[in-house]
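**Student:** Got a predicted model here, sequence first, then my questions.
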Amino acid sequence: MRSIGCAIYVLTLAGSLCQAVFASPAPSYSNTSDNLLAREDASAPDPLGVLFGTAGGLSPRDDFTSTNASDGTLEARDVYSPRILDPRSTSVWVAGQSALVRWDTSDPPSSITNRNGKLVLGYMDEHTANEHLFLDQPLATNFDIMKGFQKVRVPQVPPGNNYIVVLFGDSGNRSPEFTIN
């Protein structure tokens, strides 16, 4: 019985504390240039912090906003997703032979974050829209994506007409499905 009484006391104390803190008037903010917005009620204790001994630290009620924050505009991103020109949907590659992957480099952004390319073979499953990529066995790595092409060796894979090539570099993009015999 004594532990139940203690629990009721703690819950009553916590309820009173929560009511006192959360029933306080809405916080008011003062705005001074070049400074953080200061809360006039910043000294109000966090009820959970009081209960668990972490009062004085940041809590979910603390919200700091800089007056020098972004003006709300987004910077232009330099994502580059060149369209793959070859292989096409009519292409047929032969396992064990060389093939050429080509992509369009005619409209790059002014700055490209990552020019280091990687070509990966994969396939599309007719039951899902997922790309199944052979990431551990890339067709080619460490080439400049701005050169627009890369010669690769076609791996020994089962024949199929649902293969794709994905070009990684600044962004990933894929070819249409094509055939490997």
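**Tutor:** Perfect, thanks for sending it.

**Student:** C-alpha from now on. contacts and neighbour counts both.
**Tutor:** Fine.

**Student:** Give me the pLDDT value at Cys6.
**Tutor:** Per-residue pLDDT puts Cys6 at 49.

**Student:** Go ahead and confirm Ala140 touches Leu121.
**Tutor:** No: look at Ala140 against Leu121 with C-alpha atoms under 8 Å: they stay out of range, at 9.7 Å.

**Student:** so how far is Leu139 from Leu85?
**Tutor:** 17 Å (C-alpha to C-alpha, to the nearest Å).

**Student:** Please say which of these two ends up with more neighbours.
**Tutor:** Leu139 (21 against 15; other C-alpha atoms under 10 Å).

**Student:** Assess the claim that that one and Gly122 are in contact.
**Tutor:** No: using C-alpha under 8 Å, Leu139 is not in contact with Gly122; the gap is 10.2 Å.

**Student:** The helix or strand where Ile164 lies: partners in the sheet, and parallel or antiparallel?
**Tutor:** Taking DSSP states H and E as the definition, Ile164 sits inside strand 160-168. As defined by DSSP bridges, the strand partners of strand 160-168 come to strand 116-124 (antiparallel), strand 173-174 (antiparallel), strand 178-180 (antiparallel).

**Student:** Minimum distance to Val94: which of the ones you listed has it?
**Tutor:** strand 178-180 (5.5 Å; C-alpha to C-alpha).

**Student:** what's next to that closest one, contact-wise?
**Tutor:** The contact list for strand 178-180 (C-alpha atoms under 8 Å, 6 or more residues apart in numbering) reads 87-95, 157-164.

**Student:** Quick one: residues contacting Thr141.
**Tutor:** Shown in contact with Thr141 (C-alpha under 8 Å, 6+ apart): Asn116, Gly117, Lys118, Leu119.

**Student:** which one of the residues you listed is nearest Arg174?
**Tutor:** For the contacts of Thr141, the nearest to Arg174 is Leu119 (9.6 Å; C-alpha to C-alpha).

**Student:** Specify the beta-bridge partners of the closest one.
**Tutor:** Where Leu119 sits in a bridge, its partners, by DSSP bridges, are Ala140, Leu167.
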